[in-house]
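>>> Here is the input, now give the coordinates:
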Amino acid sequence: MTSIPEVNQEAVEELDEDENLRLATADLLSRVQGARDSPLALYELAFTDEKGKPIVIKDFHQDWEKIVLDPKIERSIICASRELTKTSFMLAYAAWLVGKNPNIRIKWLSSDDETAKKRLAVIHNILDSQIYQWVFPDTKKLTMKESIKEKRPNTSSVLNVTRTFLSPESTIEASGILSTGVGGRCDALFCDDVVSESNALLSPSLRPKVINKFLSDWLATLVSDGKVYYIGTPWHIEDLMGYLKRRTNWLYKEYTHGKPGDPFWSRFPERWPSSRLKERYAEFGPVHYARAYLCQPLHEDTIAVKPSVLLLYAKAHLTQPKLLEAMAIVSLDPSSGKDLQKGDLDFTGVTIFLYCPRPLDGDPKAPAFEIFIPDAFHVRLPHVMQANLLWQLVHQWNAAHVVVESVGMQNLKSWVEEQRRLDPTLPLANIHPIASGNQNKGQRLMRITPLLGTQEATPPLVYFHPRAIQEAPQAHTVMVGTTMYEGLRDLRNQIVGFPTRHDDILDSFTYGLFWIHRNLVKGNVGQSRSPTFSCVSIG
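Numbering: from 1, shown residues only. Here you go, the predicted structure:
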């Protein structure tokens with residue numbers, strides 16, 4: 001009987017390791033060969049995600065590759081939600097183009113010079129990597145000596161590789177969209193999020209400048225058979241993306257999160273699961289979330305206020321010395337007479353303000369004034385009860401001034417006069433009707449937004465009590481006289497979700513804040529009276 005030889009376990013493990021190494025080497029060689037023919041394969045081979053894990057390839061990545069490689073598509077726009085890796089894919093594609101054709105001339109545009117340099121730094125690193133040298137062994141960046149000879153240096157804003165002919169133009173030049181350093185010709189023009197919050201929203205006058213700069217300067221550098229690749233997330237309907245989208249010779253493709261009935265559906269759940277999208281919604285607010293993740297551009301009627309600028313106050317902000325100097329103002333947006341005529345009651349919006357000017361002997365570096373909002377709500381009331389509420393709030397807060405929307409004040413006038421007849425001590429002289437003029441609700445909100453949050457080089461000016469600006473709308477019971485009315489605290493949603501169905505608190509907020517800034521900050525209206533603080537303090 002033949003005996004079974006003993007197994008040499010170490011030899012088996014060595015064979016397994018050799019086989020694994022052979023398979024891994026064969027796989028790497030196959031992927032390297034694939035990367036020579038496919039920018040998507042180079043992207044998958046040379047990039048990792050932010051955690052260092054392998055890139056996940058989705059169907060939209062494959063779609064992008066088809067777009068950029070199609071010789072018939074000369075002008076393309078890829079409009080995609082944030083975090084769908086559109087920039088990293090295009091960086092890999094630009095590096096792939098250089099490997100395929102070292103004579104190519106590329107211009108990379110971003111919203112500003114610094115952002116463009118950061119993008120180019122990634123391409124510098126790709127070309128320096130061992131993986132890229134395996135894929136394109138003949139593509140080399142110019143040495144210092146070669147750079148001096150050809151006058152094509154490698155810097156933070158330009159990249160140059162060896163060519164088959166002498167040319168002074170760079171392989172890749174990175175610039176901001178409004179940069180003055182425009183020159184030379186290019187075979188490929190990459191536009192990477194060239195529209196930003198700064199040049200689209202914060203400075204609306206820059207929108208046409210960005211468009212004109214692109215058309216008159218950058219597009220003019222493109223050779224006759226050159227291609228343009230525009231990637232980005234929309235900001236405003238009248239920005240550069242919106243302008244190019246309306247041009248019939250541009251291909252426009254959109255890739256967003258969300259689907260009908262589910263705004264938190266994720267197109268890329270491996271990177272951005274629905275739970276993270278919900279966190280972004282809470283952080284950004286509905287308007288900015290819709291823009292950044294659903295690709296819905298803002299328009300002239302959209303006022304985007306980020307929740308992050310709605311700052312809460314604490315004891316350290318509203319100190320006892322400030323309370324002693326504070327002036328209380330009640331702002332009221334009454335329901336309209338039209339609703340009463342229909343037999344309906346619309347909401348009456350209420351916002352309470354505490355205005356605190358900087359003391360004459362105060363810190364000169366401190367803001368000239370601060371405004372605290374201890375409460376804001378709306379409630380359905382008949383006109384006679386609105387007049388009662390107005391005087392009730394004046395007494396509750398010992399308010400020095402009352403601001404009332406002028407049209408609503410006309411409807412309230414008779415009831416206010418009746419209250420005045422019953423109580424001659426009411427401070428009628430301190431009631432200030434305020435008109436909107438020719439400004440709509442959005443314009444009124446826009447004119448007070450500079451007072452919110454931390455503006456550049458300016459301390460915060462407006463703070464909110466937590467109850468006045470809480471995330472979820474909260475029921476609020478309002479006792480007027482001996483009758484109980486149901487109200488709602490919903491100012492936060494009315495600000496960050498503008499335009500909304502109900503905006504009565506927002507109206508009282510914008511009217512009151514504008515009146516305070518115009519009359520108390522810039523002028524001197526009436527006598528100061530210390531407010532009542534039973535509902536002001538933070539626990």
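>>> Please enumerate the helices of the stretch 351-500 of the chain.
Here the stretch 351-500 of the chain has its helices, by DSSP state H, counting those that start in this stretch, at 383-397, 406-422, 441-448, 491-496.
>>> now, of those helices, which is deepest in the fold?
Ranked by mean neighbour count under mean count of other C-beta atoms under 10 Å, the helices of the stretch 351-500 of the chain are led by helix 491-496, which reaches a mean of 24. The way it works is simple: take the backbone N, C-alpha and C, and place the C-beta from them, glycine included.
>>> what sits against residue 251?
Applying C-beta atoms under 8 Å, 6 or more residues apart in numbering, we find residue 251 in contact with 67, 73, 75, 76, 77.
>>> what about 6 Å?
Residues near residue 251 by C-beta atoms under 6 Å, 6 or more residues apart in numbering: 73, 76.
>>> In the stretch 251-400 of the chain, where is pLDDT below threshold?
In the predicted model of the stretch 251-400 of the chain, residues 300-304, 336-345, 360 satisfy pLDDT under 70.
>>> This structure - how does it break down into domains?
Domains of the chain are assigned by automatic domain parsing as 59-255, 307-521.
>>> export those to a markdown table and tack on distance to residue 282?
Shown next, in a markdown table, are the domains of the chain (distance: least, C-beta to C-beta, whole Å):
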| stretch | distance to residue 282 |
| --- | --- |
| domain 59-255 | 16 |
| domain 307-521 | 7 |
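>>> how about the ones you listed, which one is nearest residue 264?
domain 59-255 (11.9 Å; C-beta to C-beta).
>>> what's the distance between residue 39 and residue 507?
53 Å (C-beta to C-beta, to the nearest Å).
>>> Likewise for residue 211?
35 Å.
>>> Neighbour count for the two, which is higher?
residue 507 (25 against 19; other C-beta atoms under 10 Å).
>>> what about that one, helix or strand, and which?
For residue 507, the host element (DSSP states H and E) is helix 504-515.
>>> orientation of that helix relative to helix 441-448 in degrees?
Comparing the axes of helix 504-515 and helix 441-448 via axes from the mean of the first three to the mean of the last three C-alpha atoms, to 10 degrees yields an angle of 40 degrees.
>>> got any ranges where the stretch 101-250 of the chain has weak pLDDT?
Filtered on pLDDT under 70, the stretch 101-250 of the chain yields the residue ranges 181-183, 202.
>>> quick one, helices of it?
Listed in chain order, the helices of the stretch 101-250 of the chain (DSSP H, counting those that start in this stretch) span 113-128, 130-135, 144-150, 197, 206-213, 240-245.
>>> can I get those in a markdown table with distance to residue 436?
Converted to a markdown table, those look like this (distance: least, C-beta to C-beta, whole Å):
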| stretch | distance to residue 436 |
| --- | --- |
| helix 113-128 | 39 |
| helix 130-135 | 61 |
| helix 144-150 | 62 |
| helix 197 | 27 |
| helix 206-213 | 26 |
| helix 240-245 | 29 |
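>>> so how far is residue 384 from the residue nearest to residue 479 when sequence neighbours are not counted?
Ranked by C-beta to C-beta, 6 or more residues apart in numbering and with sequence neighbours excluded, the top spatial neighbour of residue 479 is residue 485, at 7.6 Å. With distances taken as C-beta to C-beta, residue 485 is found 13 Å from residue 384.
>>> what do you get for residue 205?
Per C-beta to C-beta, residue 205 is found 48 Å from residue 384.
>>> Check which helices and strands whichever strand or helix holds residue 329 sits against.
Using DSSP H and E, residue 329 sits within strand 327-333. Packing contacts for strand 327-333, counted by 3 or more C-beta pairs under 6 Å, 6 or more residues apart in numbering; DSSP states H and E, involve strand 347-357, helix 383-397, strand 401-405, helix 504-515.
>>> who touches the last one?
Meaning helix 504-515. With contacts defined as C-beta under 6 Å, 6+ apart, helix 504-515 is touched by 331-333, 347, 349-351, 353, 376, 378, 403, 405, 434, 444-445, 448, 491, 494.
>>> what's near enough to touch residue 490?
Neighbouring residues of residue 490 by C-beta under 6 Å, 6+ apart: residue 473.
>>> Return the distance of it relative to residue 409.
Taking C-beta to C-beta, one finds residue 490 at 23 Å from residue 409.
>>> Over to residue 38?
Relative to residue 409, residue 38 is positioned 69 Å away (C-beta to C-beta).
>>> helices and strands around the helix or strand hosting residue 60, which ones?
Following DSSP H and E, the helix or strand that holds residue 60 is helix 59-69. Packing partners of helix 59-69 (3+ C-beta pairs under 6 Å, 6+ apart): none among the helices and strands.
>>> Could I get the buried residue list for it?
The neighbour-count check on helix 59-69 (16 or more other C-beta atoms under 10 Å) flags 60, 61, 64, 65, 68 as buried.
>>> Can you tell me which of those is closest to residue 479?
Residue 479 lies nearest to residue 60 out of the buried residues of helix 59-69, by C-beta to C-beta, at 56.4 Å.
>>> what's the burial count for the residue lying closest to the closest one once chain neighbours are set aside?
Setting aside the residues directly before and after it, residue 60 is nearest to residue 255 in space (C-beta to C-beta, 6+ apart), at 4.9 Å. Neighbourhood size, residue 255 [other C-beta under 10 Å]: 19.
>>> if I read this right, residue 255 contacts residue 61, doesn't it?
No. Look at residue 255 against residue 61 with C-beta atoms under 6 Å: they stay out of range, at 9.9 Å.
>>> and the gap between the spatially most central residue of the chain and residue 498?
For the chain, the residue whose C-alpha lies nearest the mean C-alpha position (C-alpha atoms, centre = their mean) is residue 288; its distance is 5.3 Å. Taking C-beta to C-beta as the measure, residue 288 falls 12 Å from residue 498.
>>> coming back round to it: by neighbour count, sort out the buried ones in the contacts of helix 504-515.
Buried among those by 16+ other C-beta under 10 Å: 331-333, 347, 349-351, 353, 376, 378, 403, 405, 434, 444-445, 448, 491, 494.
>>> Now do stretch 375-394: everything it contacts.
The set of residues external to stretch 375-394 that reach it, using C-beta under 6 Å, 6+ apart, is 330, 332, 334, 345, 347-352, 412, 415-416, 419, 426, 468, 476, 478, 480-481, 485, 487-489, 491, 504-505.
>>> now stretch 197-211
Contact partners of stretch 197-211, identified using C-beta under 6 Å, 6+ apart, comprise 177, 235, 236, 238, 239, 240, 243.
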